[in-house]
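Chemist: give the three-dimensional model of this entry:
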Amino acid sequence: MKPFRLFLFFALLLIALIFLSWLTPHGGWDIMGVNIHFFKYTPRKELSTTTPKPIINQPGSTHYTDSVLLTTEKKIQTPKVDTSSQPQKKMEVPKKKFAESSIQFFNDTIDHWSSLKATMANIGTLKQPARIMYFGDSQIENDRITSVFRKKMQAQYGGSGRGLVPIMDIYNTTNNFIMSTSKNWDKTSVVGNKRKNIDAGLLCESFSIKKASTSPDSTEQAWVKIKTINPSKTGGYSKIQLLYRTTGEASVEVVKNGKPVHNQKLASKNLVNQLMLNFGDTPNLLELKFQTTSELVIYGLSMESPFGIMVDNIALRGKSTPEFVRLDTTTFMQMAEYIKPSFIILHYGVNVVPNVARNYGFYKNMLVKDIQFLKAQFPTVPVLLASASDMAHREKGELASYSNIPGIVKAQKEAAFENNCAFWNLYQTMGGDGSMIDWVDRIPPLGNKDYVHFTPLGASEVGKLLSKRILDILEGQKELVSHVQ
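Modeler: Next comes the predicted model:
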């Protein structure tokens, strides 16, 4: 067949198909039980009569659907509304979801925390900052909860800086600095370690320089760098406190903003030693260059101001208790002589929740051992135990809070009261049973989709609530509030 005739054949065939499509009824033809239909063009204006209404995210519902419409032809998005010039409504937390849960004591007739009140009342006369040590699990990783808590406490009593930190494994997204180290540091920690008498100190972990050579005269070098992200931002550190131990020849060179400012031989006593470095302002870049011919252990580095209050975030992922009882007591106390904590907070429980048991006497005993360890080392330092938060999981296809959380909270409260510690019921403060589901469903959400951890906003709310409760006591403000201010 000639090309022209072939082209003409296909053109006529196409015209015939279009004509049949035009004549075909909307439902097609039924011929001997077989439905035959052709593509039928639908004008764009007809879509408006068949488009479903958009699904809007409703606060309080368990699941959310994006406000997007799907059709067979095109995805139609809801128009964006410019709210930049509109007043932003402050998120209000319903009173029914935040209970009036103040800090509790076993005997309310006693003037609790009198020594802490005196410390805070005279904080301007102290030779070094007062210190709150906040121990917790993954709920406080990345300085969550503690960052806002620190901000509130420092707004009341002065001070700035991140406080005591390990030299490695620091999450930096909530802080104005980035810490990096050389690769030749070995970590010792209570996490994943079942030994006793662990040489870790108050941070429950320490770092030592790995020696590449077995020769006693060989020199190893290692470094730590702290880079300030925004030097103009307020709240930085102007002083460094380095806590270390070395048994041989060791030294440190301090480089500030690229210029060497200090070089010092480190004390070689087999004890925890302290090196204080005052800069007057926050360095843009601080480098600590270490040299040693033997063992050099760093127990912590405190980024602080010369006055006010410090709040240390000590996060131990996966732990149900800090397990102080497995630490070397001598190292722990030598470090404490320099740090001098004024107040200690323990915040654990979420790692116990998935282990459902009939009773939690075993967990209470674990907490009691750690509390008694602290009481033995710091008999005058008040301790606050914060309870487990609410958690949810799928049960028979539906989201529900773990039913064993009240039993865990009860064990925590008993451990606190039996050892003269304060207790804060975070589970009740959140709203009790089902509250984590509610926190996840809020707009914006306060809980993550794992129904365990808080979002940054949720962690901030917890930090605000806790600081308000503590300041109520320290400043003599007895009134209670049932919502976030």
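Chemist: tell me the helix or strand right after the host helix or strand of K289.
Modeler: Under the criterion of DSSP states H and E, K289 resides in strand 285-292. Proceeding C-terminally, strand 285-292 gives way to strand 296-304 as the next helix or strand, assigned by DSSP H and E.
Chemist: what's the nearest residue to the most centrally placed residue in the chain if we skip its chain neighbours?
Modeler: Taking CA atoms, centre = their mean, the centroid of the chain lies closest to R144, which sits 3.1 Å from it. The shortest distance from R144 to any residue other than its chain neighbours is 3.8 Å, reached at A459 (CB to CB, 6 or more residues apart in numbering). Using the backbone N, CA and C atoms, a C-beta is placed for each residue, glycine as well.
Chemist: follow-up on the earlier one: how far does the strand holding K289 sit from its chain's centre?
Modeler: The chain centre lies 29 Å from the centre of strand 285-292; the measure is CA atoms, centre = their mean, to the nearest Å.
Chemist: same question, stretch 460-473
Modeler: 16 Å.
Chemist: please apply the same query to stretch 150-159.
Modeler: Counting by CA atoms, centre = their mean, stretch 150-159 is centred 19 Å from the centre of its parent chain.
Chemist: show me where the stretch 51-200 of the chain has its helices.
Modeler: For the stretch 51-200 of the chain, the helices defined by DSSP state H, counting those that start in this stretch cover 114-121, 146-157.
Chemist: what about G235, how many residues nearby?
Modeler: 15 (other CB atoms under 10 Å).
Chemist: how about N404?
Modeler: Around N404 there are 19 residues (other CB under 10 Å).
Chemist: and the closest residue to it other than its chain neighbours, what does it touch?
Modeler: Spatial nearest neighbour of N404, excluding adjacent residues (CB to CB, 6+ apart): V356 at 5.0 Å. Listed by CB atoms under 8 Å, 6 or more residues apart in numbering, the contact set of V356 reads 402-404.
Chemist: from I209, how far out is V356?
Modeler: From V356 across to I209, the span is 44 Å (CB to CB, to the nearest Å).
Chemist: one step back: ok, and what's touching the strand holding K289?
Modeler: Identification of contacts with strand 285-292 by CB under 8 Å, 6+ apart yields 209, 219-228, 240, 242, 246, 248-258, 279, 296.
Chemist: that one: which residues count as buried?
Modeler: Buried residues in strand 285-292, defined by neighbour count with 16 or more other CB atoms under 10 Å: 286-292.
Chemist: that strand pairs with which strands, and in what direction?
Modeler: strand 220-228 (antiparallel), strand 250-256 (antiparallel) (DSSP bridges).
Chemist: what is the burial count for I170?
Modeler: 20.
Chemist: wait, it sits on M179?
Modeler: Yes - with contact defined as CB atoms under 8 Å, I170 and M179 form a contacting pair (4.8 Å).
Chemist: average pLDDT across stretch 382-398?
Modeler: When pLDDT is averaged over stretch 382-398, the result is 94.
Chemist: buried residues of it, list them for me.
Modeler: Going by neighbour count (16+ other CB under 10 Å), the buried part of stretch 382-398 is 382-392.
Chemist: ok, now stretch 428-447?
Modeler: In terms of neighbour count (16+ other CB under 10 Å), stretch 428-447 has its buried residues at 428-433, 435-442, 446-447.
Chemist: repeat for stretch 339-354
Modeler: 339, 341-353.
Chemist: same check, this time on stretch 138-146
Modeler: Counting neighbours by 16+ other CB under 10 Å, stretch 138-146 gives 138-146 as buried.
Chemist: now that stretch: average pLDDT?
Modeler: The average pLDDT within stretch 138-146 is 94.
Chemist: low pLDDT regions in this protein?
Modeler: 1-4, 6-7, 17-101, 109, 171-173, 212-214, 216, 477-485 (pLDDT under 70).
Chemist: domains in it, by residue range?
Modeler: What automatic domain parsing lists as the domains of the chain is 94-159+308-485, 164-306.
Chemist: now do the last one: distance from first to last residue.
Modeler: Chord length of domain 164-306, first to last residue, is 14 Å (CA to CA, to the nearest Å).
Chemist: distance from the chain centre to it, please.
Modeler: On CA atoms, centre = their mean, the centre of domain 164-306 falls 23 Å from that of its chain.
Chemist: i'd like the first residue to be 44 from this point on
Modeler: All right, first residue 44 from here; so that's domain 207-349.
Chemist: output the contacting helices and strands for the host helix or strand of L417.
Modeler: Using DSSP H and E, L417 sits in helix 404-420. On a contact count with 3 or more CB pairs under 8 Å, 6 or more residues apart in numbering; DSSP states H and E, helix 404-420 meets helix 372-382, strand 386-390, strand 426-429, helix 448-460.
Chemist: quick check: angle from the strand holding K332 to strand 339-347?
Modeler: 160 degrees (axes from the mean of the first three to the mean of the last three CA atoms, to 10 degrees).
Chemist: my guess is F386 meets L427, correct?
Modeler: Yes - under the criterion of CB under 8 Å, F386 makes contact with L427 at 7.4 Å.
Chemist: ok, N273 to T325 distance?
Modeler: 10 Å.
Chemist: which of those two has more residues huddled nearby?
Modeler: Under the criterion of other CB under 10 Å, the comparison of N273 against T325 puts T325 first, with 24 against 11.
Chemist: now the more buried one: closest residue in space that isn't a chain neighbour?
Modeler: Nearest non-adjacent residue to T325, counting by CB to CB, 6+ apart: G279, 3.2 Å away.
Chemist: pick the one among the buried residues of stretch 382-397 closest to F466.
Modeler: Proximity of these to F466 (CB to CB) peaks at L389, which lies at 10.3 Å.
Chemist: from memory that closest one sits against D180, does it?
Modeler: No - counting by CB under 8 Å, L389 does not reach D180; the two are 10.1 Å apart.
Chemist: roughly how far apart are the closest residue to F466 other than its chain neighbours and V233?
Modeler: Closest residue to F466 apart from its sequence neighbours, by CB to CB, 6+ apart: A459 at 4.1 Å. Distance of A459 to V233, given as CB to CB: 21 Å.
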